[in-house]
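Peer 1: My questions are about this predicted structure, shown below with the sequence.
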Amino acid sequence: PIVESSSVAGSCAAPRVGVDPDTGAVFPDRSGSVDDEKRWLRAWIDETYLWFDEVPSTLQSTDYATPIAWFSVLKTPALTASGRAKDRFHFTQDTAAYRALSQGGVETGYGLELAFLSASPPRDIRVAYAEPNSPAAQAGIVRGTRLIEVDGIDVANGGDTVRLNAAITPKAAGEAHSFRLRAPDGTERTVTLTAARVTRVPVQNVKTLSTPSGPVGYMQFNDHLATAETGLINAVNQLQAAGIVDLVIDMRYNGGGFLDVASELASMVSASPATTGAVFERQVFNRKNPFKLTPQQATLPFHTTSRGLSTTAGQPLPRLGLSRVTVLAGPDTCSASESVINGLRGVGVTVNLVGGATCGKPYGFYPQDNCGTTYFSIQFQGVNNQGFGDYGDGFTPTCAVADDFDHALGDPAEARLATALALRSTGACPVPSSNKADVVVRKAEAEKAPYLRRAPEREVRILSAPH
C-alpha cells in the first residue's frame, strides 16, 4: 500500500549529519533504509505528480536496486501528438550540486557549451559559446570551433566513447585533458584544458545595433539562474539608456530555471498597462491540489519589483515598454524560456521567433530533497493570461533559420540575428541559405532534437517553494 509521504520523509539509508551549509538548519535525516526511501518516493509521486493516475500500477519497487532507479520509472508512459514521450523531464541531482548551480551558477567544467550537431559517427561537435573568464575562454576558444581529437581519440569516428565523454564532461576540478581543435578559419591547434569551478554568466553580450529605423537592443540570455536577476536588470537599464526601439533576446541556448526571473524579464520588456493585474503564469496541478494552493497562490504575476534573488528585493524594475520583441530560439530553448514567450503573448505582446522550434516543456517542478538527492518530477502545467499552455511539441518559429556557427553570437551577420533584423525591417522572412552545414542543423531542428548536451537541471521551470 502507498503510505503518506510525510511518514517516511527523511528516513535514509545513509542519513546526513550536522548542519546543511545551504540552509543553516540541521539536516532533517534520520536512520532508515533504502525501502523507506522508495516508499517515500512512491507516496510523493502519488500525492504531487501531475499525471499520478497514469503511472503503471504493475511497477514493483523490489525490481529496482536504488531509489533513483525506482524514481526513473514512476512516470506516465503517454505520448504527445507528435509521438514524443509526454514526460521527457523526470530527473534527479545531488542536492548540494543542484543548489550550487541554481543559486550561484557554479559548476565544474571548462566553461564550454558544446553543440553535438551529429552525436553518432561521423560526429560533429562544435563550441556554441564559452563562459567569460573560464578555462576555455582563457585558452581563446571561440564559437564554431570543432573538436577533432580528445586525449588522442578521434572525435568523428573514435570508438572509445567512455573516455570521450569523461574528458568532455569532467567530474572534478583539476582534471586535465588534451583537445585538438579546428577554429572557424580552419587552423588547428592542440590545447590542454583543466577543469575548474566555473561561475556561469547568464546574461552576456548586451549591445545596441544601429538600424535605419532606430537602435535595436540585443542580449544573449543563457540561464534563468538566481544571478540572472542582476544581469537582466543591468542589461535593461543599459538598453533603456541607449534609447532602443526594439529588442532581440537570444535564448537559443536557454534551458530555463527560475520562473520569478522569467516574470521579471517579461515585465521589463513590456509596458505597464499590458501587465497590470495580469497573469504571467498560472500553475495547474493534479486534481488533489497537493500543495493546497488557492487560485491566487497558484498565480505568478508579472513582477514589478526585484525578488531579491541576487539583488536587493523590492526595487522597481526598469521597463522598456515594448509591444513586440524578437526571440532567437531553437530546440534548446526550454521551459522557463518558453514561459517568457507564452507569458508575453498572453498579454498581447507580439513575440516573433527566429530559429528552430522550441523544446516543448509547459511543465514545472517544486524540487524536493530527500536524503541528499533532489528529485524533479512534473507537478504543474503553466498557462498564460489567456489560459493557454498546450505546447508540448514546442513553439513553431516565425522564420526557420539554422544555427550559424561561422559567426559570433551578437554579430549582425550571424544568420539568426540577421534574419531577425531583416524581419523587423521588411516584415518578411528572408530566403534561407541552403549550404550543407545549414541543412544538417536544420534537419536536426526540424526533428526538434536538441543538440546541446546539458544537465537536465538546466532545462527547468522552477518555483523554489509553493506560494
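Peer 2: On my side now, so go ahead.

Peer 1: what about Ser213, neighbour count?
Peer 2: 9 (other CB atoms under 10 Å). Heads up, the C-betas are built off the backbone N, CA and C, glycines and all.

Peer 1: Am I right that it falls within a helix?
Peer 2: No: counting by DSSP: H, G, I helix; E, B strand; the rest coil, Ser213 is not found in a helix; it is coil.

Peer 1: contacting residues around it?
Peer 2: 245, 424-425 (CB atoms under 8 Å, 6 or more residues apart in numbering).

Peer 1: Out of these, which end up buried?
Peer 2: Arg424 (16 or more other CB atoms under 10 Å).

Peer 1: Can you lay out the contacts of Ser213 as CSV showing distance to Pro318?
Peer 2: Converted to CSV, the contacts of Ser213 look like this (distance: CB to CB, whole Å):
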residue, distance to Pro318
Val245, 16
Arg424, 22
Ser425, 26
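
Peer 1: so can I have a markdown table of the contacts of Ser213 showing secondary structure, distance to Arg16 and pLDDT?
Peer 2: A markdown table is the format used below for the contacts of Ser213 (DSSP: H, G, I helix; E, B strand; the rest coil; distance: CB to CB, whole Å; pLDDT from 0 to 100):
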| residue | secondary structure | distance to Arg16 | pLDDT |
| --- | --- | --- | --- |
| Val245 | coil | 54 | 97 |
| Arg424 | helix | 53 | 95 |
| Ser425 | helix | 58 | 94 |
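
Peer 1: hey, where'd the helices end up in the stretch 301-450 of the chain?
Peer 2: Using DSSP state H, counting those that start in this stretch, the helices of the stretch 301-450 of the chain run over residues 336-345, 415-426, 436-446.

Peer 1: quick revisit: looking at the contacts of Ser213, which is nearest Glu107?
Peer 2: The nearest member of these to Glu107, counting by CB to CB, is Arg424 at 35.4 Å.

Peer 1: what about the closest residue to the closest one other than its chain neighbours, neighbour count?
Peer 2: Distances taken as CB to CB, 6 or more residues apart in numbering place Asp246 nearest to Arg424, at 5.9 Å, with adjacent residues excluded. Using other CB under 10 Å, Asp246 is surrounded by 21 other residues.

Peer 1: Repeat that for the one 3 residues further on.
Peer 2: For Ile249, the count of nearby residues is 25 (other CB under 10 Å).

Peer 1: Spell out which helix or strand contains it, please.
Peer 2: Secondary structure from DSSP states H and E places Ile249 in strand 246-250.

Peer 1: can you give me the angle that strand makes with helix 415-426?
Peer 2: Relative orientation of strand 246-250 versus helix 415-426 (axes from the mean of the first three to the mean of the last three CA atoms, to 10 degrees): 160 degrees.

Peer 1: What strands flank strand 246-250, and is each parallel or antiparallel?
Peer 2: strand 216-221 (parallel), strand 324-329 (parallel) (DSSP bridges).

Peer 1: where in the stretch 101-250 of the chain is pLDDT low?
Peer 2: Across the stretch 101-250 of the chain, the ranges flagged by pLDDT under 70 are 101-105.

Peer 1: just the helices in it please.
Peer 2: Going by DSSP H, counting those that start in this stretch, the stretch 101-250 of the chain shows helices at 135-138, 161-168, 228-241.

Peer 1: Indicate which one of these is closest to Val55.
Peer 2: That would be helix 161-168 among these, by CB to CB, at 31.0 Å.

Peer 1: Other residues contacting the closest one?
Peer 2: Contacts for helix 161-168 (CB under 8 Å, 6+ apart): 114, 125, 147, 150-151, 153, 155, 158, 177, 179.

Peer 1: which among the residues you listed gets closest to Ala262?
Peer 2: Nearest member of the contacts of helix 161-168 to Ala262, counting by CB to CB, is Leu114, at 25.1 Å.

Peer 1: Okay, that closest one and Pro273: tell me how far apart.
Peer 2: The gap separating Leu114 from Pro273 is 43 Å, by CB to CB, to the nearest Å.

Peer 1: Equivalent analysis for Gly231, please.
Peer 2: 26 Å.

Peer 1: Name the residue in those two with the higher neighbour count.
Peer 2: Counted by other CB under 10 Å, Gly231 and Pro273 do not tie: Gly231 has more neighbours, with 23 against 10.

Peer 1: Please identify the nearest residue in space to the more buried one, excluding sequence neighbours.
Peer 2: Val203 (3.1 Å).

Peer 1: tell me the domain ranges of this structure?
Peer 2: 5-78, 106-199, 203-433 (automatic domain parsing).
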